[in-house]
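Engineer: sequence unknown, structure follows:
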């Protein structure tokens, strides 16, 4: 079993790290994709299962994202169809040693699940029959973790509390937390299984503080695999930094200075942003598009072209008005409007039923990644808070900021350099 | 647009009704499946989108289940990856005429969404880019509907309230309702979009009473497309009646007697069944398998064979004990133990986070279909309530019983024979 995992690991790591089979499936032609599927299934399932599985069905299940690497998985890869965000608080008496043991258990389990092997002693059976389905598990530390484990001196300056924003209506019980885990997979059972195992492994050491479920479009549901939509119907993520951008790593990952334990890591800003969909739907399509600055149908900026055409913030219409309005979301959020500040948004949508007033309790589990929140989320959100036409249709209901260490090699665990440094 | 929909409709109805393209995709070989995908995509998206879509990715999105037919969709077809169950109560003053208008709007919208065409006036954009993704929308009437619309004389005897069971811990606010809608799709955005449109179309006529979200395994995540698992890790549905069974229609659908408005319809029992997963996981694998009567790994009955081997309830082990224990779930639930009573279970799993005591708020959105609840759910649940070893790991937290009329033809709406009879 270990040999098989090692073999799979090697073949994965031969690819550029962070480019998952799933991503390749999204862009490769049919013949190339079929080849990949067959290869993946052989690694993950063994030969017998492969024979039973029509190639076009095996794609979702057999796709893997390697757990080990320079960076943690679940940051640079496209967001999966199902996500769980969960924060834990350390139990009273749980110290640095207990936290280290937990991170060791969690890392080992996450690596096994990501490779499609069953963790020893797990007989829940929830994910039996399924492949790893692009599972990623990502671990982070909240500001409060460091005092509780006697590691105050190691706490990064970047974990200073986020400023207050006027659009905030934060529920503190659903905010922050000592530890944060992001789980993503293209199958709901695979994602739930990982959540369940990690929660059980935390028993005695950490307790769930809050937990949220999110989703994205299913693989294969759409002809546009790269840019998804949010529940307002707008494409979301067109201008996201891309792994192929020359400055991607600089923007997203912490550089290695003097062996900093956060080298190769990233900072995650997590916000539960409820969308006031009833108010939003009362706007005409034209008004909605002006608020965003893009056409709903195809994501093209109102300054012209197609979805990927660079936005022309200075374009003036024949009637003298700006093509992209002064308070349009894409103008206020643009790096050009924020001294180059940018972050990698990797969100899930959520829908938790209806509120007492009949409005949907739905919106975005916003997760933004950056090397430094003060050059990413903070300046952009400050600007949006003041001038974004979209703000009045959003409520930020919870907030967290987490230090997400770099990835680890086989045999190591996430956070080891902090906890044993 | 209408012409295109008609054409698609005709080609669908040429197949045996109830056998969806999705089901065919699950069993056909790769070449056959690719042909179906191409055909479906041409109908649903038009030629341009087809060119952009790799065939193996288009399968999920382009699969359709026809809305019109002898029976409503969403009963005989396999349950989709995403489900919404929602109950509405009529608003004060909403009468039979208002209810009829609502069902007409709802039916027209459901038919358009199922065929992959955009309903007129809908600019939410939530499901833009996506195919219908096997969307089904199913409408039913609760017991209270009939008094409120002056149709008491038409209320079927089968809608008598379900008896109380000792395992019940029912929340009445999340039970019952005048109207019930079941939405299923293999894409989360497609399912949410349908829910959102139907809720908006109800404004002024009916208000959401309760709403629940559920899920099943994603298409392609597993090599076993036919029998899914539940969150206890057990295969669930092995012995379900199958559309190919000679008595399937008799068990599931109401026969046509004297033009009964329920002819071709079915009765849905809906229960939110929370699983006590912490207690369950404390059992050894062997104990769990004895409680169910099947092996967890492959679903084979403990009396021997493979998953599909008929259960031998009389088999005695060498040590003299029954292979399938006296209180094993599959013994107590078996038609042989219930004078042949059987129902079609078509469930979704649910997970709504964690309860205050740290236990997962998770389990099964149980939906059971039968021609007569007194020959399906009621006798089986009576027996389970007394003698099922599984009962102590379950809490029935909500309950509903709904009369689901037969399907309708294009131009008609669901429930028309009742509301205009």
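Structural biologist: Perfect, thanks for sending it. The model shown is predicted, which means the values in this text are computed figures rather than measured ones.
Engineer: just want the most central residue of chain A.
Structural biologist: residue A:346 (4.2 Å; Cα atoms, centre = their mean).
Engineer: do you know how far that residue is from residue A:217?
Structural biologist: 14 Å (Cβ to Cβ, to the nearest Å). (Each C-beta comes from the backbone N, C-alpha and C, glycine too.)
Engineer: same check on residue A:398?
Structural biologist: Distance, residue A:398 to residue A:217, by Cβ to Cβ: 24 Å.
Engineer: identify the residues contacting the residue in the stretch 51-200 of chain A that chain B sits nearest to.
Structural biologist: Of all residues in the stretch 51-200 of chain A, the one sitting closest to chain B is residue A:125 (2.6 Å; Cβ to the nearest Cβ). Contacts for residue A:125 were tallied using Cβ atoms under 8 Å, 6 or more residues apart in numbering or on different chains; they are B:229, B:232, B:233, B:234, B:296, B:297.
Engineer: just those now: which is nearest chain A?
Structural biologist: When these are compared for distance to chain A (Cβ to the nearest Cβ), residue B:233 wins out at 2.6 Å.
Engineer: check contacts around the closest residue to residue A:387 other than its chain neighbours.
Structural biologist: In space, and not counting its chain neighbours, residue A:387 is closest to residue A:332: 4.9 Å by Cβ to Cβ, 6 or more residues apart in numbering or on different chains. By Cβ under 8 Å, 6+ apart, residue A:332 lies in contact with A:383, A:384, A:387, A:388.
Engineer: kindly report the same for residue A:209.
Structural biologist: For residue A:209, the contact set (Cβ under 8 Å, 6+ apart) comprises A:87, A:88, A:89, A:173, A:176, A:177, A:178.
Engineer: so the first one lies in a strand, does it not?
Structural biologist: Okay, so that is residue A:87. Yes - assessed with DSSP: H, G, I helix; E, B strand; the rest coil, residue A:87 lies in a strand.
Engineer: in this structure it contacts residue A:172, no?
Structural biologist: No - counting by Cβ atoms under 8 Å, residue A:87 does not reach residue A:172; the two are 11.7 Å apart.
Engineer: so which of those two has more stuff around it?
Structural biologist: Taking neighbours as other Cβ atoms under 10 Å in any protein chain shown, residue A:87 and residue A:172 compare with residue A:87 leading, 25 against 9.
Engineer: what about the residue lying closest to that one once chain neighbours are set aside, which SS state?
Structural biologist: Spatial nearest neighbour of residue A:87, excluding adjacent residues (Cβ to Cβ, 6+ apart): residue A:177 at 2.8 Å. When classified by three-state DSSP, residue A:177 comes out as coil.
Engineer: who are the neighbours in contact with residue A:177?
Structural biologist: Going by Cβ under 8 Å, 6+ apart, residue A:177 touches A:87, A:88, A:89, A:142, A:144, A:209, A:210, A:400, A:402.
Engineer: so can I have CSV of these showing pLDDT and distance to residue A:156?
Structural biologist: Shown next, in CSV, are these (pLDDT from 0 to 100; distance: Cβ to Cβ, whole Å):
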residue, pLDDT, distance to residue A:156
A:87, 98, 18
A:88, 98, 19
A:89, 98, 20
A:142, 98, 12
A:144, 98, 14
A:209, 97, 21
A:210, 97, 23
A:400, 98, 15
A:402, 98, 11
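Engineer: between those, which is closest to residue B:241?
Structural biologist: Nearest to residue B:241 among those: residue A:210, at 41.7 Å, using Cβ to Cβ.
Engineer: buried ones in the longest helix anywhere in chain A?
Structural biologist: Counting by DSSP state H, the longest helix found in chain A is helix A:96-115. Buried residues in helix A:96-115, defined by neighbour count with 16 or more other Cβ atoms under 10 Å in any protein chain shown: A:96, A:98-100, A:102-115.
Engineer: and it, what does it pack onto?
Structural biologist: helix A:2-14, strand A:136-142, helix A:188-201, helix A:416-419 (3 or more Cβ pairs under 8 Å, 6 or more residues apart in numbering or on different chains; DSSP states H and E).
Engineer: and residue A:232, how far from residue B:192?
Structural biologist: 12 Å.
Engineer: and for these two, which residues touch both?
Structural biologist: With contacts taken as Cβ under 8 Å, 6+ apart, the residues that reach both residue A:232 and residue B:192 are residue B:126.
Engineer: the host helix or strand of the residue nearest to residue A:387: what's the following helix or strand?
Structural biologist: When elements are defined using DSSP states H and E, residue A:332 is found to belong to helix A:329-333. Reading on from helix A:329-333 to the C-terminus, the next helix or strand found by DSSP H and E is strand A:344-345.
Engineer: direction included, what does that following strand pair against?
Structural biologist: Here strand A:344-345 is paired, per DSSP bridges, with strand A:360-370 (antiparallel).
Engineer: please report phi then psi for the closest residue to chain B within the stretch 201-350 of chain A.
Structural biologist: Nearest residue of the stretch 201-350 of chain A to chain B (Cβ to the nearest Cβ) works out as residue A:233 at 2.6 Å. With angles defined as degrees, to the nearest 10, residue A:233 sits at phi 90, psi 0.
Engineer: what's the closest non-adjacent residue to it?
Structural biologist: residue B:125 (2.6 Å).
Engineer: repeat for residue A:169
Structural biologist: Spatial nearest neighbour of residue A:169, excluding adjacent residues (Cβ to Cβ, 6+ apart): residue A:395 at 5.1 Å.
Engineer: quick one: pLDDT of the residue nearest to residue A:233?
Structural biologist: Listed pLDDT for residue B:125 reads 91.
Engineer: surely it is within a helix?
Structural biologist: No - applying three-state DSSP, one finds residue B:125 to be coil, outside a helix.
Engineer: show me where chain A has its helices.
Structural biologist: With helices called from DSSP H, chain A shows them at A:2-14, A:21-27, A:30-45, A:47-52, A:55-62, A:96-115, A:143-148, A:188-201, A:248-252, A:277-282, A:285-292, A:329-333, A:377-387, A:416-419.
Engineer: distance between the ends of stretch A:198-214?
Structural biologist: Chord length of stretch A:198-214, first to last residue, is 18 Å (Cα to Cα, to the nearest Å).
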